[in-house]
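# fold the stuff below for me.
(4 chains)
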Number of protein chains: 2
Amino acid sequence: MLIYVEPLGGKRVIQSLQRAVSILDYLAEAGRGARLTSISRDLDLNKSTAFSLISSLEALGLVRQDQDTGRYSLGIRMLQYGLAVQSHMDLVLDAQPHLDRLCTQYGETVHMAVLSGSEITYVAKAESSKSIRMVTQIGANMPAYCSALGKVLLAALPREQLLPLLETMEFTPYTRATVQSPQALLCQLEQVRTDGYAYDREEREEGLFCISAPVTDAHGACVAAISLSLPAGRAAQHDIPALTKAVRNTARDISAQLGGSPRRDS
Amino acid sequence: MLIYVEPLGGKRVIQSLQRAVSILDYLAEAGRGARLTSISRDLDLNKSTAFSLISSLEALGLVRQDQDTGRYSLGIRMLQYGLAVQSHMDLVLDAQPHLDRLCTQYGETVHMAVLSGSEITYVAKAESSKSIRMVTQIGANMPAYCSALGKVLLAALPREQLLPLLETMEFTPYTRATVQSPQALLCQLEQVRTDGYAYDREEREEGLFCISAPVTDAHGACVAAISLSLPAGRAAQHDIPALTKAVRNTARDISAQLGGSPRRDS
DNA sequence: CCAATCGTTTGATAATATCGCACTAAGTTT
DNA sequence: AAACTTAGTGCGATATTATCAAACGATTGG
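Next up is the predicted model:
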């Protein structure tokens, strides 16, 4: 008998759903499929329960089982969900043309990202056609503290959300320029707030330079950030202030569209 | 009191999961977010039940609620799942280089797809760099009966699976060349089985020509199909028999790799 | 200003997911 | 080859859990 007392005001989450999602997470990370036993062990689920959950997920198409090995992995139905998110997000739909324009204008890769906890998630991009370019995947995550996009997004958070988040961060020194401490980051974020844009000068990766600016919704809340990435080698050929201005203008254009466009009903 | 008797041997699916997934499906289709009320109405769920499910999904990050409108839509966590599927599927990983090679060799778009019920799902692609080209989305679905990929995949099914599937199909006449009846389709599939490849001669879309061949696993079971798509206008410039041979060879290469590569353990 | 919806909360209830146990098949060790 | 292990799967009893009806305050609209 397990008596679970809700910590006051906490939302009640359906147990089987919570467990099912934890299995999906597990499968998303476990590259080439996981065994039922390891799932039940690692997630601390009764084997029968795990089986019940997994076979339900399989029947629903979210999980598939390899006929030969018996291993479980995510099903292709997940692909469709991912696509649906991408193609339906107002943000992405509205922003894409602007991103494309900025990309073709300067021939460099453009990204849009949102904040998920202390990481950023890329939600849209427009890729440079040059052979040396930044390669990223939509849906992929990156630590926020060492990217221009992340700094813009973090800078927009109110202190009461930002400070607890800083606690959870680990500051991995990817390069010589990587921010190393919460204090240094806070200091940079202050600068970002006054400037209205952020740079990443090879903080995440040697040779990668990024310029980022915030995208705000109708209420002025920062819902995303866009960035322009260029190899440091090409940075000298560009007029950085001009690029910065272009990025900010594009961000403003997208923001204006988010604020102005009337909402359609279904 | 609802007494539900399982139809003997049918797998029992966890109800709350089934309902949660139906909500996810609903949200995936409902473009710009759905209202709680319409979800509960259309899916025949008690409003409280729907709310419980949805708020759980929200707490788990699969669904998000627009602050302003209150509408629910799929969360960005779904993007990450989609990405995980794509990057972990052996099939896709193994096939991508072959698809890329075929694409650059002829400068036309190449696809790989699998069967989901009576539809095909694109799981990988290599895009032509020409301005006039086929534009598709990974994860998107298409009816199987009117595409080269679909015909290859259907042709590989055993009769006992194929025949019930034919019952459920609706034959929409997209073009003059679209197959119109189960009989005509069966006849074509017979041909595909003996030939080992399939064509789509503007059956889905005017001006679109496709060549497809099956990809088989270690046991010879057809697990996917690949295709090369070209605008009918460019078809005359190509040597169709040579293209067909190239597609079949690429499919064979991928199949060989699937059969030969030893399976890794975690 | 009343009527109608909206999303949300509550608490009682019974239906449901869970768990322990048992079974089979395949792989190891003795 | 028998005994032992470990895999995935099936079943039924049980109480935990998801569900439902009713009602709430907040908006919206006629």
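# tell me the buried residues in stretch A:116-125?
Along stretch A:116-125, these residues count as buried under the neighbour rule (16 or more other CB atoms under 10 Å in any protein chain shown): A:116, A:118, A:119, A:120, A:121, A:122, A:123, A:124, A:125. (Each C-beta comes from the backbone N, C-alpha and C, glycine too.)
# can you list the residues of the stretch 51-200 of chain A near DNA strand D?
A:51, A:54, A:55, A:65, A:70 (CB under 7 Å from any atom of the strand).
# try 6 Å this time
By the rule CB under 6 Å from any atom of the strand, the part of the stretch 51-200 of chain A lying against DNA strand D is A:51, A:70.
# so where's the stretch 101-250 of chain A uncertain?
For the stretch 101-250 of chain A, applying pLDDT under 70 flags the ranges A:131.
# the helices in it, which residues?
Along the stretch 101-250 of chain A, the stretches classed as helices by DSSP state H, counting those that start in this stretch are A:148-155, A:159-168, A:182-195, A:232-235, A:240-260.
# single out the most deeply packed of the ones you listed.
helix A:148-155 (a mean of 28; mean count of other CB atoms under 10 Å in any protein chain shown).
# that helix packs against which elements?
Applying 3 or more CB pairs under 8 Å, 6 or more residues apart in numbering or on different chains; DSSP states H and E, one finds that helix A:148-155 contacts strand A:109-116, strand A:119-126, strand A:141-143, helix A:182-195, strand A:198-201, strand A:208-216, strand A:222-231.
# export the fourth one to CSV, keeping only CA atoms.
What follows is the C-alpha trace of helix A:182-195 in CSV, where atoms were taken according to Å, rounded to 0.1, in the frame of the first residue of the first chain:
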residue,chain,number,x,y,z
PRO,A,182,27.1,31.7,-12.7
GLN,A,183,28.5,35.1,-11.8
ALA,A,184,30.1,35.6,-15.2
LEU,A,185,27.0,34.4,-16.9
LEU,A,186,24.8,36.8,-14.9
CYS,A,187,27.1,39.6,-15.8
GLN,A,188,26.9,38.8,-19.5
LEU,A,189,23.1,38.4,-19.4
GLU,A,190,22.9,41.9,-17.9
GLN,A,191,24.8,43.2,-20.9
VAL,A,192,22.5,41.3,-23.2
ARG,A,193,19.5,42.9,-21.6
THR,A,194,20.8,46.4,-22.2
ASP,A,195,22.2,45.7,-25.7
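# specify the residue ranges that define each domain of chain A.
The record's domain split for chain A, according to automatic domain parsing, is A:15-79, A:89-260.
# wait, which of those is closest to residue B:187?
With CB to CB as the criterion, residue B:187 lies closest to domain A:15-79 of the domains of chain A, at 29.3 Å.
# just the terminal-to-terminal distance for the closest one.
End-to-end distance for domain A:15-79: 25 Å, by CA to CA, to the nearest Å.
# from the chain's centroid, how far away is that domain?
Chain-centre distance of domain A:15-79: 24 Å, with CA atoms, centre = their mean, to the nearest Å.
# in the strand or helix carrying residue A:100, what counts as buried?
Residue A:100 belongs to helix A:90-106 when assigned by DSSP states H and E. In terms of neighbour count (16+ other CB under 10 Å), helix A:90-106 has its buried residues at A:90, A:91, A:92, A:94, A:95, A:96, A:98, A:99, A:102, A:103, A:106.
# give me the contacts around it.
A:86-87, A:109-112, A:114, A:123-128, A:215, A:223-224, A:226, A:228, A:238, A:243, A:246-247, A:250, A:253-254, A:257-258, A:261, B:32 (CB atoms under 8 Å, 6 or more residues apart in numbering or on different chains).
# stretch A:192-209 now?
The contact list for stretch A:192-209 (CB under 8 Å, 6+ apart) reads A:134, A:142-143, A:146-149, A:151-152, A:155, A:174-179, A:188, A:210-214, A:227, A:229-233, A:235, A:244, A:247-248.
# repeat that for 7 Å
A:134, A:146-148, A:151-152, A:155, A:174-175, A:177-179, A:210-213, A:229-233, A:235, A:244, A:247-248 (CB atoms under 7 Å, 6 or more residues apart in numbering or on different chains).
# cool, stretch A:120-138 as well?
Applying CB under 7 Å, 6+ apart, the contact partners of stretch A:120-138 are A:86, A:89, A:91-92, A:95-96, A:99-100, A:103, A:107-114, A:139-142, A:144, A:147, A:149-150, A:153, A:208, A:229, A:231, B:76, B:79, B:83.
# show the end-to-end separation of that stretch, please.
End-to-end distance (CA to CA), stretch A:120-138: 11 Å.
# enumerate every residue touching the spatially closest residue to residue A:240 that is not a sequence neighbour.
Distances taken as CB to CB, 6 or more residues apart in numbering or on different chains place residue A:211 nearest to residue A:240, at 7.6 Å, with adjacent residues excluded. By CB under 7 Å, 6+ apart, the contact list for residue A:211 reads A:148, A:197, A:199, A:227, A:228, A:243, A:244, A:247.
# with distance to residue A:14 added, can I get those residues in a markdown table?
Output for the contacts of residue A:211, formatted as a markdown table (distance: CB to CB, whole Å):
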| residue | distance to residue A:14 |
| --- | --- |
| A:148 | 39 |
| A:197 | 43 |
| A:199 | 44 |
| A:227 | 38 |
| A:228 | 43 |
| A:243 | 48 |
| A:244 | 47 |
| A:247 | 43 |
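# can you lay out the buried residues of stretch A:116-125 as TSV showing distance to DNA strand C?
Listed next are the buried residues of stretch A:116-125 as TSV, based on distance: CB to the nearest atom of the strand, whole Å:
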residue	distance to DNA strand C
A:116	20
A:118	25
A:119	25
A:120	26
A:121	23
A:122	28
A:123	23
A:124	27
A:125	32
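# what's the closest of those to residue B:19?
residue A:116 (25.7 Å).
# surely that closest one and residue B:76 touch.
Yes. Contact criterion CB atoms under 7 Å: residue A:116 and residue B:76 qualify, at 6.4 Å.
# most proximal residue of the stretch 101-250 of chain A with respect to DNA strand D?
Closest residue of the stretch 101-250 of chain A to DNA strand D, CB to the nearest atom of the strand: residue A:218 (13.6 Å).
# state the distance from whatever residue of the stretch 101-250 of chain A ends up closest to chain B to residue A:42.
Nearest to chain B in the stretch 101-250 of chain A, going by CB to the nearest CB, is residue A:139, at a distance of 3.6 Å. Using CB to CB, to the nearest Å, residue A:139 is found at 24 Å from residue A:42.
# next, count neighbours for the residue of the stretch 101-250 of chain A closest to DNA strand D.
Residues within reach of residue A:218, counting by other CB atoms under 10 Å in any protein chain shown, total 14.
# likewise the one 5 residues further on?
Under the neighbour criterion other CB under 10 Å, residue A:223 is assigned a count of 20.
# how about residue A:130?
For residue A:130, the count of nearby residues is 12 (other CB under 10 Å).
# do you know how far it is from residue A:229?
According to CB to CB, residue A:130 and residue A:229 sit 11 Å apart.
# so for residue A:75, what's the pLDDT?
Residue A:75 carries a pLDDT value of 89.
# mind listing what the closest residue to it other than its chain neighbours touches?
Excluding its sequence neighbours, the residue lying closest to residue A:75 (CB to CB, 6+ apart) is residue A:64, at 4.2 Å. Each residue near residue A:64 by CB under 7 Å, 6+ apart is listed here: A:58, A:73, A:75.
# tell me the bridge partners for residue A:64.
Residue A:64 has these beta-bridge partners by DSSP bridges: residue A:73.
# ok, now which ones touch the residue found closest to residue A:59 once you drop the neighbours it is linked to in the chain?
In this structure, residue A:59 finds its nearest non-sequential neighbour in residue B:13, 5.0 Å apart by CB to CB, 6+ apart. Contact partners of residue B:13, counting by CB under 7 Å, 6+ apart, are A:56, A:59, A:60.
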